[in-house]
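In: Pasting a predicted model and its sequence here:
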Amino acid sequence: MDDVYRDFVVPESASGQRIDLFLTQSCDGYSRTQIREAVQNEGAELDGRVIRPSIKIRAGQKIRFRVPPLPSDDTVPENIPLDILFEDDGLVVVNKSPGMVVHPARGHWSGTLTSALAFRFQSLSDVGGPTRPGIVHRLDRDTSGAIVIAKTNAVHIHLSQQFHDRLVQKEYFAITTGRIDRDRDVIDAAIGRHPYQRDKMAIREAHSTSKPASTFYEVISRHGRFTQVRLHPKTGRTHQLRVHLSHIGCPIICDRLYSGHSQVQPAQLQGKSGFDLPTEQPILERQALHARKLTIVNPQTGKEMTFEAPLPDDLQRTVACLEESQQN
């Protein structure tokens, strides 16, 4: 396909803007990340010179921009390995790896779980639309663990009803920074949109965006100022477990949004230094949250089934480091 170019003359109103911001505002359908990548790949010229995304433009300058192809609405199959926990004619249960986005979204058009599923399976439900084939529920990008996928529309609808009626039993494993005092308890706190940060949720009572949220937890073990904890969400709000644990003063370690840090070194887990003094290679670089068990009723057999996803390597190493610190 031949390259498509668009030409612009910088208006007075855009003088002083970065070129990637100007092009994002001028080209519908693209995220700023996509525009920035296109400019970095020598996709833009300013008065005939190839430039960087950070260049600030002036009124009257001429821009020639090589327009990247728009992401397709359809899921593009990709040969990405999957850890299959269970499969029959109606559903699949996958142990999702950390870092994998479930379905395409702005800035994440490839490398998704749906792309891997589309490559692996000939038929998936289309109830969720072309970008979410088979997707009944979701996990955050950096949360690993068990997720159920529907192969047929009938199974999808049945499973969705189970989630809606809160019949699905979910168990998560997490490591918090902060010592949870009670051995077990229920956190009941409504969750709504954060008032200032669009990518965060917050505890917000009686707000228009708020919905009731409830999480039961049990402490597995304590390691100094860290806690291993088992979580059973009774509701399924966005970021629920992350927000609730932060609410009680014990956010999940390496949770960029809610804990204030995105990586941890072994020495920090062993109490040898603070989070502001990194001294080693990180042992963990994503939130320590894992969907460990999922119990559903199989729509085709009527039998209750429980699936367990083993801890991934990064969490196993983190747990071993914590337990080692207790022995020393």
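Out: It's in.
In: same question for stretch 62-69, mean pLDDT?
Out: Taken as a whole, stretch 62-69 has a mean pLDDT of 88.
In: chain center to it, what's the gap?
Out: Chain-centre distance of stretch 62-69: 31 Å, with CA atoms, centre = their mean, to the nearest Å.
In: Which positions in it come out as buried?
Out: By neighbour count with 16 or more other CB atoms under 10 Å, stretch 62-69 contains the buried residues 63, 65, 67-68. Every residue, glycine included, has its C-beta placed from N, CA and C.
In: One more: stretch 85-97?
Out: Residues of stretch 85-97 classed as buried: 85, 90-96 (neighbour count, 16+ other CB under 10 Å).
In: Tabulate those (CSV), appending distance to Arg242, pLDDT and secondary structure.
Out: Converted to CSV, those look like this (distance: CB to CB, whole Å; pLDDT from 0 to 100; DSSP: H, G, I helix; E, B strand; the rest coil):
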residue, distance to Arg242, pLDDT, secondary structure
Leu85, 24, 98, strand
Gly90, 31, 95, coil
Leu91, 27, 97, strand
Val92, 26, 97, strand
Val93, 23, 98, strand
Val94, 21, 97, strand
Asn95, 20, 97, strand
Lys96, 16, 97, strand
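In: Pick the one among those residues closest to Gln162.
Out: Leu91 (11.4 Å; CB to CB).
In: Need the buried residues of stretch 85-97 in TSV (columns: distance to Arg237).
Out: As requested, these are arranged in TSV below (distance: CB to CB, whole Å):
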residue	distance to Arg237
Leu85	25
Gly90	27
Leu91	24
Val92	25
Val93	23
Val94	22
Asn95	23
Lys96	19
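In: circling back: point out the ones among the buried residues of stretch 62-69 that are inside strands.
Out: Members of the buried residues of stretch 62-69 lying in strands (criterion: DSSP state E): 63, 65, 67.
In: Wait, the last one touches Asp7, no?
Out: No. With the criterion set as CB atoms under 8 Å, Val67 and Asp7 do not qualify as a contacting pair; they are 10.9 Å apart.
In: out of the buried residues of stretch 62-69, who's nearest Tyr196?
Out: Nearest to Tyr196 among the buried residues of stretch 62-69 is Pro68, at 31.9 Å by CB to CB.
In: what's near enough to touch the closest one?
Out: For Pro68, the contact set (CB atoms under 8 Å, 6 or more residues apart in numbering) comprises 30, 34, 37-38, 43.
In: Could you find the closest non-adjacent residue to the spatially most central residue of the chain?
Out: Nearest residue to the geometric centre of the chain (CA atoms, centre = their mean): Arg141, 2.2 Å. Distances taken as CB to CB, 6 or more residues apart in numbering put Val101 closest to Arg141, at 4.9 Å, once the chain neighbours are dropped.
In: so the one you found touches Leu113, yeah?
Out: Yes. Assessed by CB under 8 Å, Val101 is found in contact with Leu113 at 7.1 Å.
In: of those two, who's got more company?
Out: Taking other CB atoms under 10 Å, Val101 and Leu113 do not tie; Leu113 has more neighbours (26 against 21).
In: List the contacts of the more buried one.
Out: With contact set as CB under 8 Å, 6+ apart, Leu113 has these partners: 94, 96, 100-103, 135, 147.
In: Hmm, which of these is lowest in pLDDT?
Out: Minimum pLDDT for the contacts of Leu113 is recorded at His103 (67).
In: Fine, thanks again, bye for now.
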